[in-house]
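Colleague: okay, predicted coordinates and the sequence, questions at the end:
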Amino acid sequence: MTSSLERFDLQSSIESIDKTEFKGLWADKLWPNTPGPFYGANTDSCGTGPLQAPYNSGFDTNGSEYIFKQPSTIQELSEVINAAAVNALSGYACDGDAHWTISSIQEWWKRRHDLLRLCLSSKYLAPELADSTDTTTRIYRRNARYRLQYVRTELAGYLSWYSFLVEEGRSPRENDTIPLYTW
């Protein structure tokens, strides 16, 4: 898991990015987007997001792209920026921090079982695709598997960190009490 120091360093990188590729609107945000600065709003269904940002961008049931995991490294940040740049509808946005509140994060968390069902419904989890030699299918399959694993194992810890950041305006320190999200 990424340390608070690494996330803090990433925050300054996020603040300094060129935002011209991020034209999505909060009002159009897709519900599965994980709380944080980045989200997919009016995204297309061309499938480029998971190809560009396989550890951050996923598909909803309509094939629209959303951010299932906020970037936690400079590499992931670069990949999310690339996903936004190639999105035909320019539907990604990076102003989520200005909109998320503790109450909206808690409301989003109440839909965690819907999010898990969305991840489980991916056609790319089908066993018959395990031996596919098609590069795109293999990337989508890896993305679907990682998305499911992230939602099951790391998402609650990330939300605890992010909720503290939203409430206190800083990353938690070792002795801070942070909100707890559990399945």
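Modeller: Thanks, I have the structure now.
Colleague: test my guess that Glu65 contacts Phe38.
Modeller: No: Glu65 is beyond contact range of Phe38, at 11.0 Å (criterion: CB atoms under 8 Å). (Each C-beta comes from the backbone N, C-alpha and C, glycine too.)
Colleague: low-scoring stretches of this structure, by residue?
Modeller: Across the chain, the ranges flagged by pLDDT under 70 are 1-9.
Colleague: ok, which stretches of it are strands?
Modeller: Under the criterion DSSP state E, the chain contains strands at 39-40, 57-59, 65-67, 92-93.
Colleague: which parts of the protein are helices?
Modeller: In the chain, helices defined by DSSP state H lie at 4-15, 48-52, 74-86, 102-109, 112-120, 135-153, 155-168, listed in chain order.
Colleague: tell me the buried residues in the third one?
Modeller: Okay, so that is helix 74-86. Neighbour-count burial for helix 74-86 flags Glu76, Leu77, Glu79, Val80, Ile81, Asn82, Ala83, Ala84 (criterion: 16 or more other CB atoms under 10 Å).
Colleague: ends of stretch 145-162, how far apart?
Modeller: End-to-end distance of stretch 145-162: 24 Å, with CA to CA, to the nearest Å as the criterion.
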